[in-house]
Structure formats: C-alpha cells, structure tokens
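# any chance you can model this:
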Amino acid sequence: MATILEMTAQIVSAHAGSTSLSSDEILAELKKVHAALTALETGVSLEKPAEEEQKPALTIRQAFKKEEVVCMICGKGGMKTLTRHLSTVHEMKPREYRKQFGIPSKQPLAAKSFSEERRKMAQERGLGDVLAKAREARMANLQKKKSAPAKKAAKAK
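Purely as a prediction, here's the structure:
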C-alpha cells in the first residue's frame, strides 16, 4: 500500500499536470492534500470552527484587476471570474463571498477586461435591442390584461 506521502505526490502531480500552478501554489497544495490525507487516516476533522472569521489575503482593489481576479480567501489568481472557483474550491456562493469581505453588489466578480469583452459581444449581437423589444412587448401584454377586466366589468353593468 502506498504511503501518505506517495499518495500526496501523485494527487498533486495529477492536479499540476492539468492546471498551471506556481511553485508557491504547488507547495500549498502539497500541504493541504497531505493534511487532508492524514486527517482521513486518523479520523480527525479538518473543518475550522464556524466562529473563526477568515481575514482577506488582500484588499478589494488588489483582488479585482483589469486582466485577472484574485481570490481573497486563498490568494489564487489568474482567473477571469470567481464564481466557479468559489463553488468548487471553497463551497461558497457569490453572495456569501461578498458578505464576508464587504464587496458591494455592484462590483462584478470578474476581471474588467472580461466584462468589457462580454459587453462588446452583446452589443455586436444586438442583445440590448432584443431586450428592449421584449420589455416593450411585456409591458403591452400587461396593459392589455389590466384593461380587459375593466371592460368586462363595464359590460356586466
């Protein structure tokens, strides 16, 4: 049977083979995986107490850059958006992340360049016009529904 150290090396090398990691990230991953495997073997829980507040690894300004977003929990960067990282790595929803670090709801959890690219693409496809037409049609339908019961009530008298 493989030792914990050998299993740790195999797991981290497989992860590093599919994801680009810096040397610091590899070391952190080694420590985290080794601790998890050791805890599994001994039956000790790795979960932190709920009352312990996590302090941000960096400020909001440092976390949301033009070309990348950096996680304020673990410090991992190079991402375009945080949503998937938060759900898979930290098992957290964006609302919880915003609340924990005091991030305003208007602040997107994506790199500025990524948001700009998506905005340009939507404008090129004319999605703004489609949305405006859909809103107009919806308002017209609501007006029809409101006026229809009033006409039926007037005819009944």
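
# all helices of this protein, in order?
4-18, 23-42, 60-63, 83-89, 94-101, 112-125, 127-156 (DSSP state H).

# quick one: contacts for the most centrally placed residue in the chain?
The centroid of the chain falls nearest to residue 83 when counting by CA atoms, centre = their mean (1.2 Å). Residue 83 makes contact with 94, 109, according to CB atoms under 8 Å, 6 or more residues apart in numbering. To be clear about C-beta, it is placed using only N, CA and C from the backbone, and glycine gets the same treatment.

# need the pLDDT of it.
Note for residue 83: predicted pLDDT of 90.

# please tell me how far residue 60 sits from residue 11.
Separation of residue 60 from residue 11 (CB to CB, to the nearest Å) stands at 33 Å.

# the more surrounded of the two?
For residue 60 versus residue 11, neighbours defined as other CB atoms under 10 Å are more numerous around residue 11 (16 against 13).

# nearest residue to that one other than its sequence neighbours?
residue 33 (5.2 Å; CB to CB, 6 or more residues apart in numbering).

# could you do residue 115 as well?
residue 108 (5.5 Å).

# got the phi and psi for that neighbour?
phi -70, psi 150 (degrees, to the nearest 10).

# from residue 94, how far off is it?
10 Å.

# equivalent analysis for residue 60, please.
14 Å.

# what do you get for residue 65?
Distance from residue 65 to residue 94, by CB to CB: 18 Å.

# between those two, which one's more packed in?
Applying other CB under 10 Å to residue 65 and residue 94 shows that residue 94 carries more neighbours, namely 16 against 13.

# that one contacts residue 109, doesn't it?
Yes - applying CB atoms under 8 Å, one finds residue 94 in contact with residue 109, separated by 5.6 Å.

# tell me the pLDDT of the residue lying closest to residue 29 once chain neighbours are set aside.
Spatially, and ignoring its direct neighbours in sequence, residue 29 is nearest to residue 12 (5.1 Å; CB to CB, 6+ apart). Here the pLDDT value assigned to residue 12 is 87.

# and residue 12, how many neighbours?
By other CB under 10 Å, 21 other residues sit near residue 12.

# now do the contacts for it.
Residues in contact with residue 12 (CB under 8 Å, 6+ apart) are 26, 29, 30, 33.

# please apply the same query to residue 121.
Counted by CB under 8 Å, 6+ apart, residue 121 has zero contacts.

# give me the pLDDT value at it.
92.

# these two touch, right, residue 8 and residue 32?
No - if you go by CB under 8 Å, residue 8 and residue 32 don't touch, sitting 9.4 Å apart.
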